[in-house]
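>>> Okay, predicted coordinates and the sequence, questions at the end:
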Amino acid sequence: MDEKDKAHQKTQYHEKAMIASTEYKESVEMPVRNVDCLIQRQILENIVRNHHIIARVAEAILFCRCQCIALHGDKETPSSEPVDGNLKYSGNLSNFLAALQMIVKRDDILRNHLLGLGLTNDNAKYTSVTIQNEIIDIIAKE
């Protein structure tokens, strides 16, 4: 290798090109480490998680329907802070939320969701009266 080649190898743009080349080679050889694959996997995990959560919410609604009891009470939102890792409600707890509380005792995914762990948007809990009514409409159509 002559002096010109050695000088070229020491340049910053050559070093950056070599790093980019190595990263590209790794992304082709190990596509699971590719950013697009990682993002796609996270999207699929979120879809599966949301399906699980909505299914549990629908179970609580169906429970109330099968027992011929009203969904709503006079208190539809939790008190400010969870106690012992569980949501606490004050006032007359709705039948729907009481059914969810029973499910939460055995479902860590739903518990973490309702406690807001990992949520970036606090209004995506799927427990509002509007969501309850939408789930009832979907169930009625099927």
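On my side now, so go ahead.

>>> Does E45 belong to a helix, a strand or coil?
helix (DSSP: H, G, I helix; E, B strand; the rest coil).

>>> what's the neighbour count on it?
Neighbour count for E45, taken as other Cβ atoms under 10 Å: 10. C-betas here are computed from N, CA, C, even on glycine.

>>> Give me the pLDDT for it.
With respect to pLDDT, E45 scores 92.

>>> if I look at it, how far off is I39?
11 Å (Cβ to Cβ, to the nearest Å).

>>> which stretches of this protein have low pLDDT?
Residue ranges of the chain with pLDDT under 70: 32-33, 74-92, 117-123.

>>> Let me see the domain layout of it.
1-33, 48-141 (automatic domain parsing).

>>> JSON lines for those domains, including mean neighbour count?
JSON lines is the format used below for the domains of the chain (neighbours: other Cβ atoms under 10 Å):
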{"stretch": "domain 1-33", "mean neighbour count": "10"}
{"stretch": "domain 48-141", "mean neighbour count": "14"}
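
>>> hmm, back to that, now do the shared contacts for E45 and I39.
Common contacts of E45 and I39 (Cβ atoms under 8 Å, 6 or more residues apart in numbering): none found.

>>> Please list all residues in contact with E59.
Applying Cβ under 8 Å, 6+ apart, the residues contacting E59 are A99, I103.

>>> and after the helix or strand harbouring it, which helix or strand comes next?
Using DSSP states H and E, E59 falls within helix 35-66. Per DSSP H and E, the first helix or strand lying C-terminal to helix 35-66 is helix 95-104.
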